[in-house]
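K.L.:
sequence first, predicted coordinates after that:
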Amino acid sequence: MKSDSFVSVVLVQNQPLATLENDLLRIQRDLDERFSDYEVVVIGQGTSKAYSLQDEAVLKHIPSLRYIQLTAQVHPDVAWAAALENAIGDFVVMFNPSEDPLKAISETVDICKSGFDVVVGVASQSRTLAYRVFRSMADNILKMVDYSLPRDATGLRCLSRRAVNSVTCTGRFHHQLSMRIQKTGYPQTAYNYSLLPTDIQPPPSSLLAGIRGLLRLMVFNSSRPLRWMSGLGLLGSISAFTFAVYSLLVHLVKGHVVEGWTTTILFMSALFMMQFIMMAFFGEYLGRLLDDSSEQADYSIVFEKNSSVMVNQDRVNVLNNAVSSEVNFVQTGRNR
């Protein structure tokens, strides 16, 4: 028996829609077997010229498909945010067909129905040795900025409707979307699975990527690093004052001295190092303030196209009963 829940599967792709035809067919057939109402939302990036007759043909024979074309290439977080804003299902699954198995859609929805508004995919991934060492050291820092996602979390997510509404209604959520989803306050759990084997293995996460991710997580999700830099500046000021008092006492006791040149140079270098570290963080936060105060939208839509064929011409968007008999503990709206 098909579920009455409305499921939205959202995808973000940088290639023409026609290249996803086989994947979209597999997703549509699986959804049609398990759910009465569903949709597949594809976010396209680039220019409108990338849309061709081959892409139009896909919409003519794959039902329940929505294609939304963005004006330009944007950050992945922004593209996924656009997908969440435009999805209308009771449950929204953020899905990557090149990595995630098809069964993950129905399994994460079932977990979500059991009372967890946010389901996070977890799978072992290729990491360089330097990245693993850096990540073990960075875990303590991440805990200080309330980062509690599993270490091997992937992009797979399943969100209930109220979790989606919470994310999209809490201001600017396009920076580190996974952190914003985590901070909805609703119950969440992990979904362990294995990534699909592919002929072309993605490069392992590098140390540089880990450092960039750590800085982005800290700057865009917490003001604590700014306070750390303030404390570092205060420590440097106290050290400089102490050294000045020490130099004055040496001069008064010994008179003319030329000793301590090396120490002075080393100490000045340390102060300049702390100063430039603070300037780097201040620059990041100034960039954040500029982004937040800008009136420019993070993304804009060129057009939206829908499937021209229905799964069932006699299907209607109403239920036979006022209350669904399915067990659903996340209150998607039909069982309140």
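P.N.:
Done, it's in. Numbering: from 1, shown residues only.
K.L.:
and the spatially closest residue to Ser106 that is not a sequence neighbour, how many neighbours?
P.N.:
Closest residue to Ser106 apart from its sequence neighbours, by Cβ to Cβ, 6 or more residues apart in numbering: Arg34 at 5.2 Å. Backbone N, C-alpha and C define where each C-beta goes, glycine included. By other Cβ atoms under 10 Å, the residues close to Arg34 number 17.
K.L.:
how much space between Arg34 and Leu196?
P.N.:
Using Cβ to Cβ, to the nearest Å, Arg34 is found at 19 Å from Leu196.
K.L.:
same question, Tyr246
P.N.:
64 Å.
K.L.:
give me the contact list for stretch 20-36.
P.N.:
Residues from elsewhere that reach stretch 20-36 (Cβ atoms under 8 Å, 6 or more residues apart in numbering): 2-7, 9, 11, 13, 38, 40, 42, 58, 62-65, 95, 97-98, 102, 105-106, 311, 315.
K.L.:
quick one, strands of the stretch 151-300 of the chain?
P.N.:
For the stretch 151-300 of the chain, the strands defined by DSSP state E, counting those that start in this stretch cover 153-160, 188-192.
K.L.:
identify the residues contacting the shortest one?
P.N.:
Right, strand 188-192. Taking Cβ under 8 Å, 6+ apart as the rule, strand 188-192 contacts 104, 107-108, 111, 116-123, 150, 153, 156, 158, 182.
K.L.:
with stretch 8-18 instead?
P.N.:
By Cβ under 8 Å, 6+ apart, stretch 8-18 touches 19-20, 27, 31, 38-46, 50-52, 54-55, 57-59, 67, 73, 76, 79-80, 83-84, 87-89, 91-97, 105.
K.L.:
now the end-to-end length of that stretch.
P.N.:
Stretch 8-18 has its terminal residues 20 Å apart, counting by Cα to Cα, to the nearest Å.
K.L.:
now do that stretch, average pLDDT.
P.N.:
Taken as a whole, stretch 8-18 carries a mean pLDDT of 89.
K.L.:
rewinding a little: and the contacts of stretch 8-18, which of them are in helices?
P.N.:
27, 31, 54-55, 57-59, 76, 79-80, 83-84, 105 (DSSP state H).
K.L.:
and stretch 32-41, what's buried?
P.N.:
Arg34, Phe35, Ser36, Asp37, Tyr38, Glu39, Val40, Val41 (16 or more other Cβ atoms under 10 Å).
K.L.:
just the buried ones out of the contacts of strand 188-192, please.
P.N.:
104, 108, 116-123, 153, 156, 158, 182.
K.L.:
among those residues, which two are most distant?
P.N.:
Comparing all pairs in the buried ones among the contacts of strand 188-192 by Cβ to Cβ, the longest separation belongs to Asp117 and Ala123, at 21.0 Å.
K.L.:
quick revisit: let's have the strands of the stretch 151-300 of the chain in a markdown table, adding distance to Ala130 and mean pLDDT.
P.N.:
Below are the strands of the stretch 151-300 of the chain laid out as a markdown table (distance: least, Cβ to Cβ, whole Å; pLDDT from 0 to 100):
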| stretch | distance to Ala130 | mean pLDDT |
| --- | --- | --- |
| strand 153-160 | 20 | 92 |
| strand 188-192 | 26 | 93 |
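K.L.:
which among those strands is found nearest to Phe267?
P.N.:
Closest of those to Phe267 is strand 153-160, at 43.0 Å (criterion: Cβ to Cβ).
K.L.:
mind listing what that closest one pairs with, with the direction of each?
P.N.:
With DSSP bridges as the test, strand 153-160 is paired with strand 91-94 (antiparallel), strand 118-122 (antiparallel).
K.L.:
so it versus helix 76-86, what angle?
P.N.:
10 degrees (axes from the mean of the first three to the mean of the last three Cα atoms, to 10 degrees).
K.L.:
so which residues make contact with strand 153-160?
P.N.:
Residues from elsewhere that reach strand 153-160, judged by Cβ under 8 Å, 6+ apart: 80, 84, 90-96, 99-100, 104, 108-109, 111-112, 117-123, 125, 167, 178, 181, 186, 190-191, 193, 195, 330-332.
K.L.:
at 7 Å instead, please
P.N.:
91-96, 100, 104, 108-109, 112, 117-123, 181, 330, 332 (Cβ atoms under 7 Å, 6 or more residues apart in numbering).
K.L.:
residue boundaries of the helices in this protein?
P.N.:
21-34, 53-61, 76-86, 103-113, 129-144, 161-168, 177-182, 207-221, 224-254, 261-293.
K.L.:
got the phi and psi for Ala123?
P.N.:
In terms of degrees, to the nearest 10, the main-chain angles of Ala123 are phi -150, psi 150.
K.L.:
who touches it in this structure?
P.N.:
By Cβ under 7 Å, 6+ apart, Ala123 lies in contact with Asp152, Thr154, Tyr193, Ser194, Leu195.
K.L.:
and the residues you listed as a markdown table, adding neighbour count and distance to Ser239?
P.N.:
Below are the contacts of Ala123 laid out as a markdown table (neighbours: other Cβ atoms under 10 Å; distance: Cβ to Cβ, whole Å):
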| residue | neighbour count | distance to Ser239 |
| --- | --- | --- |
| Asp152 | 13 | 41 |
| Thr154 | 21 | 44 |
| Tyr193 | 18 | 51 |
| Ser194 | 10 | 52 |
| Leu195 | 18 | 49 |
